[in-house]
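*Asks:* Next input, structure requested:
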Amino acid sequence: MPAKDRTIYACQNCGHQARKWLGKCPDCGEWNTFAEERARPKEGAGASRTQLRASRPVLFSEIEAQSDHREVTGIEEFDRVLGGGIVPGSLVLVGGDPGIGKSTLLAQVSDRLASLYGKVLYVSGEESERQIKLRGERLKLNPDGLYLLAETSLERIFDEIDRLAPQAIIIDSIQTVFSEKIESAPGSVSQVREVAGRFLMLAKGLTVPVFLIGHVTKEGTIAGPKALEHIVDTVLYFEGERHHHHRILRAAKNRFGAVNELGIFEMTGAGLVGVPNPSEIFLSERPVGASGSAVIAAMEGTRPMLVEMQALVNSAKFGAGRRTTQGVELNRVALLVAMLEKRIGFHLSGDDIFVNLVGGITLDEPAVDLGIVAAITSSFRNIPIDARTIVFGEVGLAGEVRASSHAAIRLREAARMGFRRIVMPQNNLSGMEPDDRLEIIGVRSVVDALDALF
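*Replies:* Here you go, the predicted structure:
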């Protein structure tokens, strides 16, 4: 007798399953996230090309070492984020806000791959072939090996993959693809988990790269179960402000390259164009002689960048002051403001403090601490910082300045951009070769740093 369908309730945030509906998920703590789904026993399936090749244990010494061969697309910023190119057999997840340019980026990537390596299958569950063609004509894409497929059924997509045998596959988007073996709606936890698992077996079994475009929630995280990010090899976030022309491609997870690697693009009428020198872009409109402005040397992955940090300190009209930040963490700014009050003696509790990282970029590394402190102090004292000075370093609650990683790379970028004075942690100076182009000032505390800057 065939097994009966079983009704379950699955949390749409984390994937936790229960036999009955729950108001609050016991795993992730979210409210009203349970939805009813029907779980049907899987039917038997024969052998398929999409199954993993290895079906038995293999001795470690017998495995042939894989070369470092990567498929280079020619889009330098995209290749940089992936670690130098696309690894054959990798499963890459690309997420971002609606309209940010995910489909545009992957369309350009598919054009390059089709021109260089052969057949590429672009599967879209949100647009028709004609709509994709319109975008391709706007981007001036005309590869011979690019195939378009408007389909949402996973089984029919796999049939076309077996027939076409492409060299790369792009799925736009994974939330629209569904398996006919599961009765839940497309985009549900069970569907996303099943579809991602099947594409993982496809990528590893056929040794072809698969790109999945994923929707994001209002908090900015990938929609669906957290297991989705664990399954894939690489997770890329496409970020940027709608009112800015620049877009940032950030690697949040990468099994084949550096994590937190960054790629900078500019959105133009002809598509996305890579920005090889982001420091020049971020500093192009920097005001000269204005207080509250400091230039910091930041590291994103293996790339150094010079970014302007702005701060505005103003007397509050209603008692306690506000703390507003953009591009840096609000709690980190609150800690540094408390440190300035305790260790330096500034009275900032009654002032509004606004901190902004120019250019729409977001940085979370500790080395930006000294830049935040310098910008707030400059605005508070209304004294501008020398325009050819750069600061970086982590600041502790005791007022000490701690060493930061990759100091030599930051100094080279500062010298290349024409800066002449560096205020940095003293502990980074040991073993560092002197540079005649730079005046390097090592500091051990915030007091020393402020004395050097003002």
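
*Asks:* Show me what the helix or strand hosting Arg193 is packed up against.
*Replies:* Element membership for Arg193, per DSSP states H and E: helix 189-206. Applying 3 or more C-beta pairs under 8 Å, 6 or more residues apart in numbering; DSSP states H and E, one finds that helix 189-206 contacts strand 6-11, strand 34-39, strand 91-96, helix 154-164, strand 168-172, strand 210-214, helix 227-231. Every residue, glycine included, has its C-beta placed from N, CA and C.

*Asks:* same thing but at 6 Å, please
*Replies:* In terms of contacts (3 or more C-beta pairs under 6 Å, 6 or more residues apart in numbering; DSSP states H and E), helix 189-206 is packed against helix 227-231.

*Asks:* can you list contacts of the helix it packs on?
*Replies:* By C-beta atoms under 6 Å, 6 or more residues apart in numbering, the residues outside helix 227-231 that reach it are 192-193, 196, 200, 222, 235.

*Asks:* Could I get the buried residue list for it?
*Replies:* 228-229, 231 (16 or more other C-beta atoms under 10 Å).

*Asks:* cool, stretch 259-269 as well?
*Replies:* For stretch 259-269, a neighbour-count test (16+ other C-beta under 10 Å) marks 260-267 as buried.

*Asks:* what does stretch 246-256 give?
*Replies:* So, applying 16+ other C-beta under 10 Å, buried residues of stretch 246-256: 246-252, 254, 256.

*Asks:* just stretch 195-213 next, same as before
*Replies:* Within stretch 195-213, the residues that count as buried by 16+ other C-beta under 10 Å are 195-196, 198-200, 202-206, 208-213.

*Asks:* Can you tell me which of these is closest to Ile174?
*Replies:* Comparing those against Ile174 with C-beta to C-beta places Leu212 closest, at 4.5 Å.

*Asks:* Kindly tell me how buried Asp79 is, as a neighbour count.
*Replies:* Residues lying near Asp79 (other C-beta atoms under 10 Å) number 21.

*Asks:* what pairs with Thr325 across the strands?
*Replies:* Using DSSP bridges, the beta-bridge partners of Thr325 come out as Val355.

*Asks:* low-scoring stretches of the protein, by residue?
*Replies:* Within the chain, the segments meeting pLDDT under 70 span 1-5, 38-55, 65-68, 242-243.

*Asks:* how does it divide into domains?
*Replies:* For the chain, automatic domain parsing gives the domain ranges 6-39, 72-275, 280-453.

*Asks:* could those be laid out in TSV, adding distance to Phe60?
*Replies:* Converted to TSV, the domains of the chain look like this (distance: least, C-beta to C-beta, whole Å):
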stretch	distance to Phe60
domain 6-39	33
domain 72-275	18
domain 280-453	30
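
*Asks:* now the helices for this structure?
*Replies:* Ranges of helices in the chain, per DSSP state H, are 76-82, 102-117, 129-138, 154-164, 189-206, 227-231, 278-282, 330-339, 369-381, 407-416, 446-453.

*Asks:* can you tell which of those is closest to Thr389?
*Replies:* The closest of the helices of the chain to Thr389 is helix 446-453. By C-beta to C-beta, the value is 6.9 Å.

*Asks:* List the buried residues for stretch 95-112?
*Replies:* Buried-residue list, stretch 95-112, by 16+ other C-beta under 10 Å: 95-97, 100-112.

*Asks:* Thanks a lot, see you next time.
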